[in-house]
Structure formats: structure tokens, C-alpha cells
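K.L.:
A predicted structure for the sequence below; I have some questions about it.
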Amino acid sequence: MDETGSRLRKRKFAQSYHVDMKQCPISGCDSRGHLMGRFERHFTLAACPIYHNLTPERCKANHEANERLRKDQAAELGKATPHHNTRNQSEVEPSPNQVKYRKKVQKSRENHAAGSSENRKNLPDREDDPGMREPFLNHIASQYDLNLFRQAQALASEGLESELERLHESGLLAQDGSNPDRRIKVIEIGRYEMDTWYSSPYPEEYVQLPKLFICEFCLKFMKSSTILRRHMAKCVWRHPPGDEIYRKGTISVFEVDGKKNKIYSQNLCLLAKLFLDHKTLYYDVEPFLFYVMTEADLTGCHMVGYFSKEKNSFLNYNVSCILTMPQHMRKGFGKMMIDFSYLLSRKEGKTGSPERPLSDLGLLSYRSYWTDIILRYLSTLAASADLVIRDISQETAVHPADIVSTLQALQMLKYWKGKHIILKKQDIIDTWVQKQSKRPAEFASRSIDPTCLKWLPSRQK
Ligand code: ACO
Ligand code: ZN
């Protein structure tokens, strides 16, 4: 890109992204008025009348006219045959007022279509300052459609400003209202609002937002709480897509095929990246399966976490990425999902291992899981029985290398005469048994019951 282009891009970016909570970023604008027409001041480009080639007075007049129109229409439509409770509206005859209104809209659209090429020719040249103004829209659609678009823009700008004010008040934006490291810092999903840990490659226009709104069921991401609320009223999803392959009590696991549910899987990866530092899978989801663990209540199956797994892993990895949603961390779900991943490996008749590198939290959780597995195995083994790493591996599906590294960490392994010897240290086993008995009941219940799995490996399906 040439230098002018790059400068323009940077300025445009700075304007849409930098938010001074008192002053509109458009040069020459004194922050008077609001695109919505019913506020005295604005402070974002989205709500700036001048940016939209309007004046504060025009916005106010538009708002008043729209309000009058809305009232008239409501009154007119109110006279129509009641139809709100009718399931099949197409069977209901429209009232004369409705027919009249429809014709008016059609006419407005036809008039526009007839003169559209002429209209486009008349568009003024906007090379004066393209980053500072919206292109003229007056002739690109019918007056009716343009009005609708303007109303939607105004509503969105109102939502954006009130959200920014709220974040500013709660101290989530810097002093000048900016979002300096260009990453989504806060998300709202389901009943939770949470800080994120890392950046994630959401589309450019979303990365600039201080907060992202996500549907907890279909994982669609949105720009404002108003849009999310509207979406939630329409969204029919109440659980992840794919097959429910495990259910015990309120806990379920859904197997989601990245090929069959591409958008969901991509959205899941984008969401996960907000809490994962090093993984790079976002768009190429087709070679993966996603195992989403949920907890059910009367409103639906709420995601507690997930792990992804390559359909054909050359290195026999049985987990590619694993995440517990932050609101559910440290309650035993991570180890439950790890256990589930090994259960699938056992069904496949394979040993498995998580993809490297592991994050710090990943290593902590795997180390704890492998320790549990090994010490449980040792605690149930007859005193006289031989300890063979291959046997532990075959029974648990944990890869021998992970068993060796865990035994080493426990200082229970000795290398003697070219062979690894396991030292069965009874004090370590006793301490572990004691720790298990003291775990809170809710943790103890967070275990996988292999009899509740309804699943066959893909080669047997
Ligand atoms: N500090 C200290 N110990 C911790 C912490 C922590 N913050 N978090 C978990 N642990 C320990 C727990 O104490 C537990 O050990 P214990 O049973 O011996 O007490 C063990 O780790 C597992 O705890 P869970 O509650 O089962 O795990 P959780 O549900 O919190 O999930 C996970 C663990 C998935 C790693 C979670 O922390 C997470 O999603 N982190 C962000 C994403 C990430 O780093 N994923 C792993 C990347 S590596 C990979 O994908 C292969
Ligand atoms: Zn949804």
C-alpha cells in the first residue's frame, strides 16, 4: 500500500477505534446532536450527524418525523384484522390500510429503480476526505429502504455509546476511552461477562470493539447487547450441534464434526483462542472433531468446555486443544474432559497424548490427571504384582512416554541396568488416597462413567 493509503487507513482506524468519552473524533464537529435525534450530544463517529452527512437539526427532525410515522402506522395497522396470534399469517387477508401501505413502499422502490443509473451518475465526488465522512447514500436505495437503514444505524449507535459509557464507568476502558492493544477485552456469553486473556482473530470490525457479545448456544458473535437480545429471542439452538454421545445426569458431551458444522466449529475456535495463547487453528476446522461438554438446566445445555481432536492424527494425538470456560475452571471439568478423551482412545484401542506444546495450565491439569491414573493403578495392584509401564499404558490409554515423565516427576522411577524400574513408594500412594477422600463431594461426582458413552470409533461406524 502506498504511504497516503496507509496514512488514511491508520487515521480511519484511529477514528473508529479511539474513543474520547467527551469529544467526537470528527474534525470540525463540536459533538452536538446525535444520529438518533433524541440526544443533545454524541462522542463516537457512529453517532455523529456530520459523519453521516447530516446536521444535528436534521437528525432531530428525522427522529420526530419517524416517531409521528410510527404512531400513524401503529394506529392504521391497529385497525387491521387482528393477526398477531395467528400461526399462519399468509392465510389472513391484509386490511385495506395494509394494502395501501404496501403499495406506497412498492412505489417508492419502483421510482428509485427507474432512476437508479441516473441517480448514481449524480453522486457527488467524495475524494475530499473519504475517511471523515460516510459516502452519500441518498440515491443508492429507495427513500423507504434508506429510512429503515438510517433507523437501524441510529439504534446501533445509541447501543454502542451506552455500552462504551458503561464500560468506561466500570473502568474497563483506559482513561481516554481507548482500547489500546486492539483486542477484545471482555465478552458476554450466557449469564456471564468475563475478561479475556489473549487476542483472537475475529473479523477486523469486531476486534476494535471493547466488548463482544456471543450467543452461548450457536456461538454467533455480535456487536451490542441489543443485537444479542434480539438474536436470543430468535435463536432456536439450545445445545451444540452434532450427536450427543454421552449423558449422565446433567452432563452431556456432543460430538461436532468440523466439516458438517463449519461455522459453529470456527466460532468455537475463535472463542477458545481468547483463552489460549499458542494455538493457531481457527478456520481450517474440517479435519477436526470437537467434543463439547455441557451442563443442562431448564433453559438448555450450557457449554462448560470442549476439546478438539484430529480425525486422523499422524502422531496419535487424542486432544488438539482443550478449554474449560473460565466461569467453570477449577471445578474438575478439565480432568473430566481429559478422562473422556482417554475413554475415546480406549474405545479406539489406541494410546493417546495431547498435542504439544502444552500451556502451563494444560501441563498442570495433565500432570495431575496422569498422577491420579498411575497412583490409582498402583493403589489397587497386588503387592506381589509386577509393575510394567506397558501394562499401565494399555489399561489407561495414556502414552508410555507420559507415564514415564509422570513417574519421574513423582520420583518413582529409576533407570537401572538399561531398564526403567518403578519404585512403588507407599507413602506417596497413601497421601494421594487421603487427598481423594477429602475432595469435596461435587468434585468426586465429576467423573466420567464409561457405561454412559454411546459411541463407536469412525472405522466401526
Ligand atoms: N492454578 C493451580 N492449579 C490449577 C489451576 C490454576 N489456575 N487450574 C487448574 N489447576 C489444577 C487443579 O488444581 C487440578 O489439579 P488437582 O485435581 O490435583 O487439584 C488440575 O489442575 C485440573 O483442574 P480442573 O478443575 O479439572 O481443570 P479446569 O477445568 O480448570 O481446566 C484447563 C483445565 C482446561 C487447562 C483450563 O485451565 C483452561 O481451559 N485453560 C485455558 C486454556 C488452556 O491453557 N488449555 C490447555 C492448552 S494445552 C492443549 O490444549 C493440549
Ligand atoms: Zn444463537
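P.N.:
Here it is on my side, so go on. Residues are numbered from 1 along each chain as shown. Ligands and ions are numbered 1, 2, ... in the order given.

K.L.:
Assign a three-state SS to the closest residue to residue 278 other than its chain neighbours, would you?
P.N.:
In space, and not counting its chain neighbours, residue 278 is closest to residue 357: 6.4 Å by CB to CB, 6 or more residues apart in numbering. Glycine gets a C-beta too; all of them are placed from N, C-alpha and C. Assigned with DSSP: H, G, I helix; E, B strand; the rest coil, residue 357 falls in the coil class.

K.L.:
And residue 357, how close does it get to ligand 2?
P.N.:
33 Å (CB to the ion, to the nearest Å).

K.L.:
Surely that residue and residue 321 touch.
P.N.:
No - taking contacts as CB atoms under 8 Å, residue 357 lies outside contact range of residue 321: 11.7 Å.

K.L.:
wait, what's in contact with the residue in the stretch 301-450 of the chain positioned nearest to ligand 1?
P.N.:
Closest approach of the stretch 301-450 of the chain to ligand 1 (CB to the nearest ligand atom) occurs at residue 334, with a separation of 2.3 Å. By CB atoms under 8 Å, 6 or more residues apart in numbering, the residues touching residue 334 are 305, 322, 324, 361, 365.

K.L.:
quick one, phi/psi of the last one?
P.N.:
When read as degrees, to the nearest 10, the backbone of residue 365 gives phi -70, psi -40.

K.L.:
Same question for the first one.
P.N.:
Dihedral angles of residue 305 (phi, psi; degrees, to the nearest 10) stand at phi 170, psi -180.

K.L.:
Who does it form a beta bridge with?
P.N.:
residue 293, residue 324 (DSSP bridges).

K.L.:
any idea how far residue 330 is from it?
P.N.:
12 Å (CB to CB, to the nearest Å).

K.L.:
which residues are contacting stretch 368-388?
P.N.:
So stretch 368-388 is contacted by 335, 338-339, 392, 395-396, 398, 402-403, 406-407, 409-410, 422, 424, 428-429, 432-433 (CB under 8 Å, 6+ apart).

K.L.:
Could you tell me which of these count as buried?
P.N.:
335, 338-339, 392, 396, 398, 402-403, 406-407, 410, 422, 428-429, 432 (16 or more other CB atoms under 10 Å).

K.L.:
Now flag whichever of those residues is closest to ligand 2.
P.N.:
residue 338 (28.4 Å; CB to the ion).

K.L.:
Now that that closest one has come up, it's in contact with residue 363, right?
P.N.:
No - if you go by CB under 8 Å, residue 338 and residue 363 don't touch, sitting 11.9 Å apart.

K.L.:
so what's residue 150 closest to, chain neighbours aside?
P.N.:
residue 62 (7.0 Å).

K.L.:
Wait, a strand at the one you found?
P.N.:
No - remark: residue 62 does not belong to a strand; assigned using three-state DSSP, it is helix.

K.L.:
Okay, now the unreliable bits of this protein?
P.N.:
1-21, 76-93, 112-131, 167-181, 279-280, 459-461 (pLDDT under 70).

K.L.:
How far does the top helix by length along the chain sit from its chain's centre?
P.N.:
As assigned by DSSP state H, the longest helix anywhere in the chain is helix 143-169. Computed by CA atoms, centre = their mean, to the nearest Å, the chain-centroid distance of helix 143-169 equals 22 Å.
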